[in-house]
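A.B. asks: Attaching a predicted model along with its sequence, questions to come.
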Amino acid sequence: MASLTGRMLGAAALRAATYEEVEADATATPQAMAVVVLAAVAGGASAIRATGLWGLGLAAFASLLGWYVWAFITFVVGTRLLPGAKTEADLGQLLRTIGFSATPGLVRVLGVVPALDTAVSFVASLWMLAAMVIAVRQALDYDGTGRAVAVCVIGFAINFAILFILGRLMGVPVVVAP
């Protein structure tokens, strides 16, 4: 089994081979889950004074739930709505690749420096988006990147709509963060 650190470095470097490796390794799902939690904690580090450990734990839980929902939506859109000629995937493959695409979110820990918070968050979001497109492209065996971008955009719209509706029903404002 490849090391978590090695895989995270490959994912952050946007190496397609790393995403292929975690896609094929059914035992890598706990590693992908760890990446999602670490990225959530890194993102919540700057808010810990305001939210406390409870808020940080809640953010980690919400990230895990969001990771699963996002992977499920991506699976359905990518395999049913926009499959490629070679698309053959299961939910586990998307959970693993998408989980590792959260790796760039670790830089958000630098947001603890107030002057860096906005810039770091912006850079991390773009980097995570690029990683997500590669993760989807590799997991769904697409020949090109365009279809992966389309799946991510459609998945984002569906995810946002779900969050918006749930937020309205619960009286909570919707905040979208990768």
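C.D. replies: Cool, got the structure.

A.B. asks: ends of stretch 137-157, how far apart?
C.D. replies: Using Cα to Cα, to the nearest Å, one end of stretch 137-157 lies 18 Å from the other.

A.B. asks: Now do that stretch: distance to the chain's middle.
C.D. replies: Remark: stretch 137-157 is offset 13 Å from the chain centroid, using Cα atoms, centre = their mean, to the nearest Å.

A.B. asks: what comes up buried for that stretch?
C.D. replies: 137-142, 147-152, 154-156 (16 or more other Cβ atoms under 10 Å). All C-beta spots, glycine's among them, are computed from the backbone N, C-alpha and C.

A.B. asks: Wait, Leu140 touches Gly78, no?
C.D. replies: Yes: at 4.4 Å, Leu140 and Gly78 qualify as touching, with contact defined as Cβ atoms under 8 Å.

A.B. asks: And the buried residues of stretch 137-157, which two are furthest apart?
C.D. replies: In the buried residues of stretch 137-157, two members sit farther apart than any others by Cβ to Cβ. They are Asp141 and Phe156, at 21.1 Å.

A.B. asks: so what's the most centrally placed residue in the chain scoring on pLDDT?
C.D. replies: For the chain, the residue nearest the mean C-alpha position is Ala102 (4.4 Å; Cα atoms, centre = their mean). With respect to pLDDT, Ala102 scores 96.

A.B. asks: Quick check: pLDDT value at the closest residue to it other than its chain neighbours.
C.D. replies: Closest residue to Ala102 apart from its sequence neighbours, by Cβ to Cβ, 6 or more residues apart in numbering: Ala39 at 4.1 Å. Here the pLDDT value assigned to Ala39 is 93.

A.B. asks: Check whether Ala39 really touches Arg108, as I assumed.
C.D. replies: Yes: at 7.3 Å, Ala39 counts as touching Arg108 under the criterion of Cβ under 8 Å.
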